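Student: quick one, fold the following:
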Amino acid sequence: MRQSMTGFASRQGETAGLRWSWELRGVNGKGLELRLRLPDWIEGLEPQVRAAAQKALARGNVQISLKTQGNGEEAAAELDEAVLTRILTAMARIEGAAAGQGLVLSPSSAAQIVALRGVLSTSGAPADITQLRGEMLAAFGEALEEFTQMRRTEGAALAAILTGQLDEIEALVAQAAEAVEARRGEQDERLRAQLQRVMEGVSGVDEARVAQELAVIAVKSDVTEELDRLTAHVAAARELLAAEGAVGRRLDFLMQEFNREANTLCSKSGSAALTQVGLTLKTVIDQMREQVQNVE
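Tutor: Here you go, the predicted structure:
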């Protein structure tokens, strides 16, 4: 089943006076990029979250965050003096080095320093971290399933749109083949008329050479190979849409091949009708490529 790379999910819970909430957001990406924002004090949480996400997802930029909030005074946030001292020492060294280079840094506010990771610690965090971590991971698993289900739902819609666009491309290729047949007679008549004008105005023309040049012109204007390749690309795209696993990158490459054949078709058209079909084909291919960017 196809999956989109966009999605959203969230889960909330509460353990021993500590409220917490998971949030997953996903957008398009060339590969899989996970951005985790998790509390430092819950040991062993990040590796398990990362492993579960990597197992379920193949592509996309995914942000996973876990926010915690205490209930009442027992879970009030406290200042971690050791962490604060290290941060202030580092800031002083940075400001001194900048001054030595003639640079003036903007002053940092207390709010900015407090927002740095580790400066505030939750004094009322449950003593049993193992139980807390287990409950949080269980909720994360539910959120991840909701997230992937949303991606599957959007992926199914994408697959339907792409299938419709492939049907349209297939119909346009058939129209192009008909336009080629209609062009054939017009092209022959035009070449005969041009050849007659040349023969009338010039004596001693090498008819064999003229015939050779006409054959070259005919070969250059032949679009049979382009139409055959477009038909093959449609079949390949249908196979990818029906295949298991992540196929978005291969579909994206295939769209480049679609576009290349459509461009060649337009450049070799030689008739208004075939040019119009080629331009419509390019439009559909461009629309399809935009949709492919969302496929995992």
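Student: mind listing what's buried in the helix or strand containing Arg93?
Tutor: In the assignment (DSSP states H and E), Arg93 maps to helix 81-100. Using 16 or more other CB atoms under 10 Å as the test for burial, helix 81-100 gives 83-84, 87. All C-beta atoms are positioned from the backbone trio N, CA, C, and that covers glycine.
Student: for it, packing partners?
Tutor: Using 3 or more CB pairs under 8 Å, 6 or more residues apart in numbering; DSSP states H and E as the contact criterion, the elements in contact with helix 81-100 are helix 110-114.
Student: quick one: contacts of the helix it packs on?
Tutor: 84, 87-88, 119-120 (CB atoms under 8 Å, 6 or more residues apart in numbering).
Student: average pLDDT across that helix?
Tutor: On average, the pLDDT along helix 110-114 is 80.
Student: could you do stretch 238-251 as well?
Tutor: Here the average pLDDT along stretch 238-251 is 93.
Student: before we move on, the earlier item: okay, the contacts of helix 110-114 in JSON lines with pLDDT and distance to Gly29 next?
Tutor: Putting these into JSON lines (pLDDT from 0 to 100; distance: CB to CB, whole Å) gives the following:
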{"residue": "Leu84", "pLDDT": "85", "distance to Gly29": "36"}
{"residue": "Ile87", "pLDDT": "89", "distance to Gly29": "32"}
{"residue": "Leu88", "pLDDT": "90", "distance to Gly29": "37"}
{"residue": "Val119", "pLDDT": "75", "distance to Gly29": "31"}
{"residue": "Leu120", "pLDDT": "69", "distance to Gly29": "32"}
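Student: what's the farthest-apart pair in those residues?
Tutor: Leu88 and Leu120 (14.7 Å; CB to CB).
Student: TSV for the buried residues of helix 81-100, including distance to Leu36?
Tutor: Listed next are the buried residues of helix 81-100 as TSV, based on distance: CB to CB, whole Å:
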residue	distance to Leu36
Val83	20
Leu84	24
Ile87	21
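Student: tell me how many other residues crowd Leu144.
Tutor: Using other CB atoms under 10 Å, Leu144 is surrounded by 22 other residues.
Student: so it touches Ala51, yeah?
Tutor: No: look at Leu144 against Ala51 with CB atoms under 8 Å: they stay out of range, at 11.2 Å.
Student: who's in contact with the strand or helix carrying Gln63?
Tutor: Gln63 belongs to strand 60-70 when assigned by DSSP H and E. Residues outside strand 60-70 that contact it (CB under 8 Å, 6+ apart): 5-6, 17-29, 32-39, 42, 45, 49, 53, 75-77, 122, 124-125, 136, 140, 296.
Student: can you count the residues close to Leu227?
Tutor: 17.
Student: which residues touch it?
Tutor: Applying CB under 8 Å, 6+ apart, the residues near Leu227 are 173, 176-177, 180, 265.
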